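Q: Provided below for reference: sequence and predicted model.
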There are 2 protein chains.
Amino acid sequence: MSNGAVPEPDPTKFTGADAAFLQDFATLCTFGATSGGGVDRQAGSPADGEQRAWLTGLLEAKGFSVSFDQVGNQFGLLELQPGAPYVLVGSHLDSQPTAGRYDGAYGVLAAAHAAFRLAEEWRADGRSPRYNLAVVNWFNEEGARFKPSMMGSSVYTGKMTAETVLATEDPAGITVREALEATSALGEGEGPKAAYAAEIHIEQGRSMERNGVTIGLVDSNWAANKYQFEVHGEQAHTGSTVIADRRDALLGASMLVVTAREIADSFPDGAVHTSVGQLDVYPNSPVVVPSLVTLLLDLRSPDEELLAQADRMLHDRIGEIEQSARVDIRKTGSHCWPVTPYQPEGVALAEKIAANRGLTHARVKTLAGHDSTNLKDIVPTVMLFVPSVEGISHNEHEYTTDQDIIDGLHTLTDVVRSLCLGELDQR
Amino acid sequence: MSNGAVPEPDPTKFTGADAAFLQDFATLCTFGATSGGGVDRQAGSPADGEQRAWLTGLLEAKGFSVSFDQVGNQFGLLELQPGAPYVLVGSHLDSQPTAGRYDGAYGVLAAAHAAFRLAEEWRADGRSPRYNLAVVNWFNEEGARFKPSMMGSSVYTGKMTAETVLATEDPAGITVREALEATSALGEGEGPKAAYAAEIHIEQGRSMERNGVTIGLVDSNWAANKYQFEVHGEQAHTGSTVIADRRDALLGASMLVVTAREIADSFPDGAVHTSVGQLDVYPNSPVVVPSLVTLLLDLRSPDEELLAQADRMLHDRIGEIEQSARVDIRKTGSHCWPVTPYQPEGVALAEKIAANRGLTHARVKTLAGHDSTNLKDIVPTVMLFVPSVEGISHNEHEYTTDQDIIDGLHTLTDVVRSLCLGELDQR
């Protein structure tokens, strides 16, 4: 146990390659380790640089060729069919501040160990699969330090330009380019060409744990409307300015935060999720009525019609808040996506594999965005989940049992083998 | 006009010492000038250092001896009666971020020019008053960069220790000691001994403007309860965590902000003022439910019984918010003061002087804290106000007319003369 928080990975309960995986996972947990048993390794930070260097060593020791693309995506390439495209399997090593150990990191290390097993298999039996294999550590999935999230996979899939990403600044004014250079993670080019993609991740919710499911077969993502709002008021003295004269941006912003929750509460459980995770106040002085608050507000739902209803409620309410708090609320950014499916043939493949392994499994939706959410828009992509204990995530107490991460690794290995062998190719 | 915002001081409409005062005020407005026509010269900043050096030059040119005490209070001393205590007249040059030009700065410059006139008078007629005279620029009245506010005058009046103040850090970890050293404003000792004090300041409200009053005679301050709260929740994923599982610190904090306004609105106009000027979110990432919000909440009233009522409403409501948002709200600091009077003999003196000058005048209360609020607790203190156009303050559009600041300067000069001559001494 670390600080009585989350159990440490215990390789002694497993053997061979499974024990080696847990041993490597225990090592990975030490990069950017926090006193509360979690990790803090935001994209492009020194801790991120250290874990990337460690991953390079791990991959090279197994004969993989490591390179970085133009926005710091890290690839470990195993070329088995010269000139053929690659099956990309991976996730992200970057984390939120005071985050858990599993989010992203499990997926990258499981990808590496799945690839190691397959490389060994093919070396032993002398056969070559139809596609090449790449382990991927996508840059900045979390979007904590540099916005937006899923940056590396967005460039890879053509949704953002490398120029935009490299010029993006963190709150201290450091650009992505500078952070990548400082961590020796800035490469060239666009990375290997993909044929298929696969990712495994913790669920970050509690539905699988509740239903006793070990392997989640992700068939679609929730729809989401993400907005950036600026609430404009006017600076005034907090003591002497009469209440009726105030145009308090923080009051307006607070009413928006409360409204977002009220909207979620007006729907049945689990139908609509809303949140405000980031909020900044200016000038943020004890005796000054705030003149500007910037905040990020999300609405998410598995049902696009419900999301549209929630969105209308929000926009109706904004006008009322503007009047009652005497503020102007401006939408300065939005990023919206519908419910989109993962390719059904990939879901069916993963379902067959989990059944063959004798593992409990179920189709699930992902509420969070993942790098695979981007990848599935350009190639057939398989996304697997393993359960999160108590649904805890983005928290130092995030935990998935050793047995579940091993079962996930086995399933992922089988999925990647099938993809490399061309089992999903059009026949 | 600067950017169409606030009219510039216009010395051409006045003559002699009054024109010289406006000329100096125009110069003072250039230190830390913002593009919006205001100033940004937070305590211990380079702009604060520059204006202090300029003030030193201004005072020394008129024969005043300038020194800094152990916490950076700046004194311009005119010793007329060797060994006698001093009449301290001044205010503060530091400002909020994107502040107006008048708050504090007017009071320091008016103090200097009142002292120049009196020094000249006494030099001309060869007489010496009973007390010595000191122009004061108190360190860090605003408390924007270093908390709390009224720091310099709190040490001078024995309410805080110099050690505590010097070790206080700004958000970047720079201490007051370091900031004072960097701006050549760290001196020694406790400053001159006071017999009386006087300060002139803008009202920062709109009561005097509305009632056509030029000179406000401050007879007491509002009572205030200032609290620091920490709202504790738990980090979680904003997308995947079901609403019922969330313990959202920002939701709880937002409910507190809204509650504070509801409390003010439940009293008659002007009876209770409430505000939250500062609020910080952790980890403040778009996809993480916040685990900690720190905020400063103030309640103020001219009536202690109403303040107590408002305070009970707040504390009752905190328990409800803890339950409905599933957060813990902890009070981590408080600073409360009652309605306290300025010495009535000082108010009467100022009233007589304003009447002699033929200026409209009225007794008023100060809602904001001032350095004189501290000074009055150790020596008889006279506090004067001049009107604020539209009551605007802590805002780049803060404005008081040239005629009003000149009338205020004349009244302050007469008050300081009387104090130096010992007119308020016990007979």
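A: Cool, the structure landed. Everything numeric in this text was worked out from a predicted model, so none of it was measured. Numbers count the residues shown, from 1 in each chain, chains lettered A, B, ... in the order given.
Q: for residue A:206, list the residues it contacts.
A: By CB atoms under 8 Å, 6 or more residues apart in numbering or on different chains, the residues touching residue A:206 are A:388, A:390, A:391, B:242, B:245. Using the backbone N, CA and C atoms, a C-beta is placed for each residue, glycine as well.
Q: does any bit of the helix or strand of chain A with the lowest mean pLDDT sit next to chain B?
A: Taking mean pLDDT, DSSP states H and E as the measure, the helices and strands of chain A show their lowest mean at strand A:236-237, namely a mean of 90. Yes - using CB under 8 Å from any CB of the partner chain, a contact is recorded between strand A:236-237 and chain B, made by A:236, A:237.
Q: show me where the stretch 301-427 of chain A has strands.
A: Taking DSSP state E, counting those that start in this stretch as the criterion, the stretch 301-427 of chain A contains strands spanning A:328-337, A:340-341, A:361-366, A:381-386.
Q: now the contacts of residue A:206 as TSV including pLDDT and neighbour count?
A: Formatted as TSV, the entries for these read as follows, by pLDDT from 0 to 100; neighbours: other CB atoms under 10 Å in any protein chain shown:
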residue	pLDDT	neighbour count
A:388	95	28
A:390	91	14
A:391	89	22
B:242	86	16
B:245	90	16
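Q: Throw those residues into JSON lines and include distance to residue B:83, thanks.
A: Formatted as JSON lines, the entries for those read as follows, by distance: CB to CB, whole Å:
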{"residue": "A:388", "distance to residue B:83": "76"}
{"residue": "A:390", "distance to residue B:83": "74"}
{"residue": "A:391", "distance to residue B:83": "75"}
{"residue": "B:242", "distance to residue B:83": "75"}
{"residue": "B:245", "distance to residue B:83": "72"}
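Q: report the separation between the residue lying closest to residue A:220 once chain neighbours are set aside and residue A:352.
A: In this structure, residue A:220 finds its nearest non-sequential neighbour in residue A:341, 4.6 Å apart by CB to CB, 6 or more residues apart in numbering or on different chains. Taking CB to CB, to the nearest Å as the measure, residue A:341 falls 18 Å from residue A:352.
Q: show me where chain A has its helices.
A: For chain A, the helices defined by DSSP state H occupy A:16-28, A:46-61, A:105-125, A:151-156, A:162-167, A:176-182, A:207-211, A:249-265, A:304-325, A:344-356, A:371-375, A:402-421.
Q: ok, residues contacting the second one?
A: Contacts of helix A:46-61 with the rest of the structure, by CB under 8 Å, 6+ apart, involve A:24, A:27-28, A:31-32, A:39-42, A:66, A:74, A:76, A:93-94, A:108, A:112, A:135, A:137, A:182-185.
Q: now with 7 Å?
A: When contacts are defined by CB atoms under 7 Å, 6 or more residues apart in numbering or on different chains, helix A:46-61 is touched by residues A:24, A:28, A:31-32, A:40-42, A:66, A:74, A:76, A:93-94, A:112, A:135, A:137, A:183-185.
Q: angle of it against helix A:16-28?
A: Relative orientation of helix A:46-61 and helix A:16-28, computed by axes from the mean of the first three to the mean of the last three CA atoms, to 10 degrees: 150 degrees.
Q: could you check how far stretch A:181-201 is from the centre of its chain?
A: Counting by CA atoms, centre = their mean, to the nearest Å, stretch A:181-201 is centred 15 Å from the centre of its parent chain.
Q: next, the distance between the ends of it.
A: The stretch stretch A:181-201 measures 28 Å between its terminal residues, going by CA to CA, to the nearest Å.
Q: what does stretch A:202-214 give?
A: End-to-end distance for stretch A:202-214: 11 Å, by CA to CA.
Q: and stretch A:77-88, by the same measure?
A: Length of stretch A:77-88, first residue to last, CA to CA: 9 Å.
Q: same check on stretch A:214-225?
A: The straight-line separation of the ends of stretch A:214-225 (CA to CA) is 30 Å.
Q: for the residue nearest the centre of chain A, phi and psi?
A: If you average the C-alpha coordinates of chain A and look for the closest C-alpha using CA atoms, centre = their mean, you land on residue A:370, 4.3 Å from that point. The main-chain torsion angles of residue A:370 are listed as degrees, to the nearest 10 and equal phi -140, psi 160.
Q: and it, what's its pLDDT?
A: On the pLDDT scale, residue A:370 is placed at 95.
Q: poorly predicted segments of chain A, please.
A: Regions of chain A meeting the criterion pLDDT under 70 cover residues A:1-4, A:427.
Q: would you map out the domains in it?
A: Described in terms of automatic domain parsing, the domain architecture of chain A consists of the residue ranges A:11-221+A:340-421, A:223-337.
Q: out of those domains, which is closest to residue B:260?
A: Proximity to residue B:260, assessed across the domains of chain A by CB to CB, is greatest for domain A:223-337 (8.4 Å).
Q: chain B contacts on the stretch 1-150 of chain A?
A: Residues of the stretch 1-150 of chain A lying near chain B by CB under 7 Å from any CB of the partner chain: A:96, A:97, A:98, A:143, A:144, A:147, A:149.
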